[in-house]
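> Here you go, sequence then predicted model.
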Amino acid sequence: MSKTMRGEKTSAGDKSLNTTELPASGLIGSGMEGGVLDQVRGYFLKLRSGDMGALPAISGFVALSILFTALSPFFLSERNFANLLTQAATLVMLAMALVFVLLLGEIDLSAGVTAGVAMSIFVVLSNPGGIAMNWIPALIISLLTGVAIGLFIGFFVARVGIPSFVVTLGLFLGFQGLQLIIIGDGGLYRIQEPTILAIQNSNLPAWAGWLMIAVMLLISLGTAMMDRHRRARAGVPNRTIILLWIRLGVIAVIGGAIVATLNQNRGTGFLAVSGVPIVVPITLLILWAGTFMLDRTKFGRYLYAIGGNAEAARRAGIKVIGVKWAAFTICSTLAVVSGVFSASKVGSVDAAFGRDIVLSGVAAAVVGGVSLFGGRGRLIHAAIGALVIAVITNGLGLLNLPGGVNFLVTGGVLILAATIDAASRVRAGGSLIRR
Amino acid sequence: MDGPIIELSDVRKSFGPVSVLKGVSLKAYPGKITALVGDNGAGKSTLIKGLAGVQPYDSGVVKFNGKAVHLTNPREASALGIEVVYQDLALCDNLDIVQNMFLGREETSHGSFDEGEMERQASETLRTLSVRTVKSVRQQVSSLSGGQRQTVAIARSVLKSAKVVILDEPTAALGVAQTEQVLNLVKRLTHQGVAVIMISHNLVDVFQVADYINVLYLGQMVAEIETKDTTSDDVVGYITGSKTYAGVSE
């Protein structure tokens, strides 16, 4: 590993080290020492050790984008770019929801139909043809439905001890029926609440897009500075600050390019359409909050610990049952959020709403680098994986290929991603079977 | 010499009709290594689980620093400073050394992790144990060797000023060099005034490091001896029941 090498260098008294950053007490290394070059070298060693993170998915995204740009003149247009983001939003949110249970080594096959049931309840409650309730309480009730379903799954998985595959497969079947009963056979409700429709169909004003980037940069800078402050206070070395500036620079350039593109007029008629779709900042906010929770709070750490070794977690005094319960609840609730995105995009909810998407969500997470065995993966990985799958759907759609090709390619990419992951681990001396 | 930090007397435990511990006594002293030996089924694990609070004893007195205590769950044991390093190493492969050492007792500041503080404490603990084999405290545990893992597990147990560390077969799965490393580490624990209770099947290890040897035979403590007063042959005799030790009444 990177850090191994760093330690050796320290003892060898390497001249290139920035010695002022080394702790005076001579602590054991942490891989944070040294300049940019050391860090870059460390990163490559980490890659070689089989810890590739989201790199394969990002490469896949870039490669597919280049491919489709070459094949279709429409792919890189502003209009298609905005379209891609809104098409992907549902899958991104669902894949992020699933990460919480995948990290435990569990699965939620009912995440899609959970969204279906909750959105069925929403439309029946809020539609003028239904109960005609105000949309805000209706939305709250449908989110609470997600919470309740998560608690229900968590009870059977964590408390009773039934494998999550079985419990959620049962719910997957059962909820399709529940949805039919709520909506009525062959029924379809149009979404009529403008606020819900706006999520996927309206855009931020130009200034708000720039504000969004500024806020992202500030939050990124703030958390990094907080980390540095705490590490300095404890007397352990910080990574060289140049890396932080590079990271912020990358966010600024890529984010800026995206916002600038989306702020162009992409309307086809008289009406100008421009701006960042509203769904984007909502997704980014949830991504940030979830990542903060997973990386920096006890709950998040315990999710990884349980996924890595549940017995070790239990012996360390972690309340495994409670953590699992919470994870399923978060998953189901975020699944309902993905349902809201989907309903906003499609504009209606029918009895089959959410039935087909859950396996795509799992595939997205795996493509992004989340392990089905638990303990490994991040929310951003799932989001990138979902973008890869969305790009395939979007790009193949532009090429006017038959629908079957889309499924074939998506499946192939999934297997390819899993193979790259497994192969890199075997080469690093790991096991093919587990992690 | 100081009094024992842990003193068990007449501890009993049965599972249904099977009585596993039939009135066992045990003492462990600060800065000393007390080995607990015995054949499979002698009750070693049951004795340890009671001390760890995992499986409370049915009856008997547990004294900690001379005061009677009740250990009914692992948190209580941990709060007193009793830590157990299990045979199958309760470590998470997917977490790094610092994360493993602090698992379940992370340092937080305003609700989020204070990684700097945790890293420093982990690093310092490893250094006070003179651990040299670990190059970075941010290595994932999956990349460590068996001996290094055992080192991390032991360091984890003393991170929060443990008074008593119970080691369950610390050298069972290790090679020669790694066994040596771990035994040295165990000795260094005692330099910090920790009372070590070590379960082992390996009498060579036991005679190398232990100050006292306690032999369990079918739920009874048949011998409590200072290591220097006995021989390997005698201990084997006590373990198998072919010899009896006169120093224990009953």
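Done, it's in. Please read all numbers here as calculations on a predicted model, not as lab measurements.

> Am I right that B:Tyr245 is in contact with B:Gln220?
No. With contact defined as CB atoms under 8 Å, B:Tyr245 does not reach B:Gln220; the gap is 11.2 Å. For every residue, glycine as well, the C-beta is placed using N, CA and C.

> ok, residues contacting stretch B:57-75?
Here stretch B:57-75 makes contact (CB atoms under 8 Å, 6 or more residues apart in numbering or on different chains) with A:315, A:317, B:3-14, B:21, B:23-24, B:50-54, B:56, B:76-77, B:80, B:82.

> Sitting in strands, which of the residues you listed do you find?
B:6-14, B:21, B:23-24, B:82 (DSSP state E).

> Show me which residues of stretch A:393-404 are buried.
Of the residues in stretch A:393-404, A:Thr393, A:Asn394, A:Gly395, A:Leu396, A:Gly397, A:Leu398 count as buried by neighbour count, 16 or more other CB atoms under 10 Å in any protein chain shown.

> Give the closest residue to the fourth one in space, chain neighbours not counted.
The reference is to A:Leu396. In space, and not counting its chain neighbours, A:Leu396 is closest to A:Asn406: 4.8 Å by CB to CB, 6 or more residues apart in numbering or on different chains.

> What is the neighbour count of the closest residue in space to A:Gly347 that isn't next to it in sequence?
Once flanking residues are discounted, A:Gly347 sits nearest to A:Ile191: 5.5 Å by CB to CB, 6+ apart. Neighbourhood size, A:Ile191 [other CB atoms under 10 Å in any protein chain shown]: 22.

> Over to B:Ser232?
Neighbour number of B:Ser232 under other CB under 10 Å is 12.

> any idea which residue of chain B is furthest from its center?
Farthest-out residue of chain B from its mean C-alpha position, per CA atoms, centre = their mean: B:His110, at 34.4 Å.

> hmm, back to that, now do the contacts for the residue nearest to A:Gly347.
When contacts are counted by CB under 8 Å, 6+ apart, A:Ile191 touches A:Val123, A:Leu197, A:Ala343, A:Ser344, A:Val346, A:Gly347, A:Ser348, A:Val349.

> about what we covered before: what does the helix or strand harbouring the residue nearest to A:Leu396 rub up against?
Per DSSP states H and E, A:Asn406 falls inside helix A:403-427. Identification of contacts with helix A:403-427 by CB under 8 Å, 6+ apart yields A:50, A:52, A:56-57, A:60, A:360, A:363, A:366-367, A:369, A:371, A:385, A:388-389, A:392-393, A:396-397, A:431-432, A:435.

> List buried residues within those.
A:50, A:52, A:56-57, A:60, A:360, A:363, A:366-367, A:369, A:371, A:385, A:388-389, A:392-393, A:396-397, A:435.

> Which ones among these map onto helices?
Using DSSP state H, the subset of the buried ones among the contacts of helix A:403-427 located in helices is A:56-57, A:60, A:360, A:363, A:366-367, A:385, A:388-389, A:392-393, A:396-397.

> Pick the one among the residues you listed closest to B:Asp233.
Set against B:Asp233, the nearest of these by CB to CB is A:Val366 (58.9 Å).

> got the contact list for that closest one?
A:Val366 neighbours (CB under 8 Å, 6+ apart): A:Leu372, A:Gly385, A:Leu414, A:Ala417, A:Ala418.

> What is the neighbour count of the first one?
When you say that, I think you mean A:Leu372. Neighbour count for A:Leu372, taken as other CB under 10 Å: 14.

> A:Arg230 reaches B:Asp114, doesn't it?
Yes. The criterion here is CB under 8 Å, and A:Arg230 meets it with B:Asp114 at 5.2 Å.

> packing partners for the longest helix anywhere in chain B?
In chain B, taking DSSP H as the definition, the longest helix is helix B:176-191. Counting contacts by 3 or more CB pairs under 8 Å, 6 or more residues apart in numbering or on different chains; DSSP states H and E, helix B:176-191 packs against strand B:33-38, helix B:146-158, strand B:195-199, helix B:203-209.

> which stretch in the ones you listed has the least confidence?
In terms of average pLDDT, helix B:146-158 trails the rest of the helices and strands packed on helix B:176-191, at a mean of 86.

> Can you point out the buried residues in that one?
So, applying 16+ other CB under 10 Å, buried residues of helix B:146-158: B:146-158.

> ok so, going back, what's the offset of the helix holding A:Asn406 from the middle of its chain?
18 Å (CA atoms, centre = their mean, to the nearest Å).

> So which bits of the stretch 251-400 of chain A are right by chain B?
A:292, A:295-298, A:301, A:304-305, A:307-309, A:311-313, A:315-318, A:375-376 (CB under 8 Å from any CB of the partner chain).

> Output the below-cut-off pLDDT ranges for chain B.
Within chain B, the stretches with pLDDT under 70 are B:1, B:89, B:246-250.

> Find the residue at the geometric middle of it.
Closest-to-mean residue, chain B, CA atoms, centre = their mean: B:Ile166 / 1.3 Å.

> picking up where we left off before, could you dump the ones in helices among the buried ones among the contacts of helix A:403-427 to CSV with distance to A:Gly339?
CSV is the format used below for these (distance: CB to CB, whole Å):
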residue, distance to A:Gly339
A:Pro56, 29
A:Ala57, 24
A:Gly60, 27
A:Ser360, 14
A:Ala363, 18
A:Val366, 22
A:Val367, 22
A:Gly385, 19
A:Val388, 22
A:Ile389, 18
A:Ile392, 22
A:Thr393, 19
A:Leu396, 25
A:Gly397, 22
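
> State the pair within those residues that is farthest apart.
Between any two of those (CB to CB), the greatest distance is 23.7 Å, for A:Pro56 and A:Gly397.

> need the residues of the stretch 51-200 of chain A near chain B, please.
Residues of the stretch 51-200 of chain A lying close to chain B by CB under 8 Å from any CB are A:Asp51.

> now the helices for the stretch 51-200 of chain A?
A:55-71, A:78-102, A:111-126, A:135-154, A:164-183, A:194-201 (DSSP state H, counting those that start in this stretch).

> Tell me which of those helices sits most buried.
helix A:111-126 (a mean of 29; mean count of other CB atoms under 10 Å in any protein chain shown).

> what about it, average pLDDT?
When pLDDT is averaged over helix A:111-126, the result is 95.

> ok, back up a step: in what element of secondary structure is the residue nearest to the centre of chain B found?
strand B:164-168.

> picking up where we left off before, and B:Ser136, which of the helices and strands packed on helix B:176-191 is closest to it?
Across the helices and strands packed on helix B:176-191, B:Ser136 has its closest neighbour in helix B:146-158 (11.3 Å, CB to CB).

> Show me what that closest one is packed up against.
strand B:82-85, helix B:97-101, helix B:115-128, strand B:164-168, helix B:176-191.

> relative to helix B:115-128, how tilted is that helix?
110 degrees (axes from the mean of the first three to the mean of the last three CA atoms, to 10 degrees).

> So is stretch A:220-236 next to chain B?
Yes. Applying CB under 8 Å from any CB, one finds stretch A:220-236 touching chain B at A:Asp227, A:Arg230, A:Arg231, A:Ala232, A:Arg233, A:Ala234, A:Gly235, A:Val236.

> how far does stretch A:376-396 sit from the chain's center?
Remark: stretch A:376-396 is offset 8 Å from the chain centroid, using CA atoms, centre = their mean.

> who touches A:Val367 in this structure?
So A:Val367 contacts A:Ala57, A:Gly60, A:Gly385, A:Val388, A:Ile389, A:Val413, A:Leu414, A:Ala417 (CB under 8 Å, 6+ apart).
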